[in-house]
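S.K.: coords please:
(chains A and B)
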Amino acid sequence: MRIFGLSFKVIKTLLTTQYAYMLEYRIEIALWALSGVLPFIMFSLWSQNDVGNSFGLNDIGLARYFLSAFLVRQFSVVWVVFSFEEDSLSGRLSPYLLQPLHPLFRYVASHLAEQATRLPFAIAIAITFFILNPSSFWLPSLPQLMLAYLSTHFAFTIAFLLQSLVAALCFWTEKSSALERLIFVPYLFLSGLLVPLTAFPSNVLKVAMLTPFPYLINFPAKILSGMPVDIFNGFLAQILWISILVPSVNILWKLGVKRYTAMGA
Amino acid sequence: MQRYFKTIRLFWSTAFASQLEYQLNFLIELLAMLGTLLGSVFILSLFFTGGRELGDWTWESALVIQGVYTFLDGLTNALLRPNLTEIVNYVRDGTLDYVLLKPIDSQFWLSVKKFSFAGLPEIILGLSIVFWAAIQSGSTFSLYSLFVFIISILIGFVILYSVWFLIAASSIWFVKTWNATEVLRALLAAGRYPISAYPVILRFIFTLVLPVAFLTTFPAEAILGELKLNILFFGLMLSSLFFIFSRFFWKFALKHYTSASS
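M.R.: Residues are numbered from 1 along each chain as shown, chains lettered A, B, ... in the order given. Next up, the predicted model:
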């Protein structure tokens, strides 16, 4: 059996080596997990100033939403652009391109391995949050949990493809990490990391929903926290974005590799 | 002293020349900056729905804070980020040895070597927002309030620099401290909003432990003519302490420095 043209053996080797590699950097990954505190800062602001009520969320609802947003972000963070830029500039990319394995799969494996390493830290932070806000404690039902898990994976896929698109531009410009900033700005404000999107004025919300960003945090976080959400349309939008992005990345990547002249060659 | 000024002038004119090569980068930075500002003003406006206030701050005075934040962010992008993130690389590659051999203070060299001109528009825009929003909220500037504003901005910048430098200097032991600066940056984002809008515990932390309050809220109060003098004095003391500690810590770290090659 093969998945995306990869045999099980290759997948297993990729994942286990990357996981072993990630385990070496546990403290770093713990710090990464900590650097995701933004939803908690925003939670303290929204609840302290009693604004939640104006968009129909009490403090418990807010707490659950922002904890969910934090967790979703932990398992959908992507940094392909930065790894790829480094590999490309240092010439490490050339041997990768010679292997009969698409270089992107290596990055996918390292992201998945990192998520596995991150899991205990994310759980520890969630437990701390519940100790500080005991009233917000909840356990999502099994179907909720599975749907949230699935949509977070889709969110990761979309984020990964978006960044791969930018990374492919590395073949043309040396500085695609600067371009990444341009994607990060709408991501920050439209994904729901800073505020549940229900707080947006309706015309802004309509525009936001046309972009892929609300499906990266807001949609999975709503499922996880048990807020009312249109599950069918949400998944439909996620799948739609993936099916637009996969061929785009593929084409841009192929064009890029043709243009590629290794550093120093 | 004159030698130091001359060095800065040389460093920055070289930086300017080399950055002229990357005009596209400049444009991208500009776009990202405008987008960020637009986004954060939009999020801020959500707090004020239905005639609400944010921690006793009106919409116009909260915009002053956004301005100060933008200004400091520009300064960070221009000066702190390009220099202080490099320290890790010097340690990792062993090139710190060359810096230490130079006949100039190593902390000075490491802190001012580069200057990113893409940060300048943000600095100017930040200051414009500060003054515009301060006028909108009915502040009448006096020479005195301007003076207090400049001092409080300096206090904020010195604190920010010292904390960041401390983390960067710890790379002598841990080598990779990039993630620690990310944690710092995430916490600093709290400075976009007035300190009084946070729960009491966080207010305490943001004033004394990681003094975010001194970065944005207090300078904003200064230009609005509301900053209390004892806070200013406390800030002066705190920032001097932070700065002295950063120097002390750097000297201490260097004693433990074993170069990458030896």
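S.K.: what parts of the stretch 151-265 of chain A come near chain B?
M.R.: For the stretch 151-265 of chain A, the residues in contact with chain B (C-beta under 8 Å from any C-beta of the partner chain) are A:173, A:175, A:178-179, A:181-182, A:184-186, A:188-189, A:194-195, A:199-200, A:204. In this view, the C-beta of every residue, glycine as well, is placed from N, C-alpha and C.
S.K.: tally of neighbours for residue 30?
M.R.: Reading this off chain A. As a burial measure, A:Ala30 scores 19 neighbours (other C-beta atoms under 10 Å in any protein chain shown).
S.K.: hmm, I had chain B in mind actually
M.R.: B:Leu30 has 14 nearby residues by other C-beta under 10 Å.
S.K.: are any of the residues of the stretch 151-265 of chain A next to chain B buried, and if so which?
M.R.: Neighbour-count burial (16 or more other C-beta atoms under 10 Å in any protein chain shown) applied to those gives A:Ala178, A:Leu179, A:Arg181, A:Val185, A:Leu188, A:Phe189, A:Leu194, A:Val195, A:Ala199, A:Phe200.
S.K.: let me see the contact set for the closest residue to the third one other than its chain neighbours.
M.R.: Counting by C-beta to C-beta, 6 or more residues apart in numbering or on different chains, A:Arg181 lies nearest to B:Ala32, which is 4.3 Å off, once chain neighbours are set aside. Residues counted as contacts of B:Ala32 (C-beta atoms under 8 Å, 6 or more residues apart in numbering or on different chains) are A:Arg181, A:Leu182, A:Phe184, A:Val185.
S.K.: give me the distance between B:Ala32 and A:Asn233.
M.R.: Per C-beta to C-beta, to the nearest Å, B:Ala32 is found 31 Å from A:Asn233.
S.K.: now swap in A:Val166 and tell me
M.R.: Taking C-beta to C-beta, one finds A:Val166 at 27 Å from A:Asn233.
S.K.: so which of the two has more stuff around it?
M.R.: Between A:Val166 and A:Asn233, counting by other C-beta under 10 Å, A:Val166 is the more crowded of the two (22 against 11).
S.K.: circling back: from the buried ones among the residues of the stretch 151-265 of chain A next to chain B, which is closest to A:Ile251?
M.R.: Lowest distance from A:Ile251 to these (C-beta to C-beta) belongs to A:Leu179, with 17.7 Å.
S.K.: for that closest one, give me phi and psi.
M.R.: Main-chain torsions, A:Leu179, degrees, to the nearest 10: phi -70, psi -30.
S.K.: got the contact list for it?
M.R.: A:Leu179 neighbours (C-beta under 8 Å, 6+ apart): A:Val81, A:Val166, A:Leu169, A:Thr173, B:Ile28.
S.K.: for those residues, please prepare CSV with the additional fields secondary structure.
M.R.: Formatted as CSV, the contacts of A:Leu179 follow (DSSP: H, G, I helix; E, B strand; the rest coil):
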residue, secondary structure
A:Val81, helix
A:Val166, helix
A:Leu169, helix
A:Thr173, coil
B:Ile28, helix
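S.K.: so for the residues you listed, which is the shakiest by pLDDT?
M.R.: Lowest pLDDT among the contacts of A:Leu179: A:Thr173, with 74.
S.K.: hang on, that one packs against B:Leu24?
M.R.: Yes - here A:Thr173 reaches B:Leu24: they are 7.4 Å apart, a contact under C-beta atoms under 8 Å.
S.K.: centroid residue for chain A?
M.R.: For chain A, the residue nearest the mean C-alpha position is A:Ser76 (2.2 Å; C-alpha atoms, centre = their mean).
S.K.: quick one: residues contacting that residue.
M.R.: So A:Ser76 contacts A:Thr152, A:Ala155, A:Phe156, A:Ala159, A:Leu216, A:Ile217, A:Pro220 (C-beta under 8 Å, 6+ apart).
S.K.: if anything else comes up later, I'll come back, but that's it for now.
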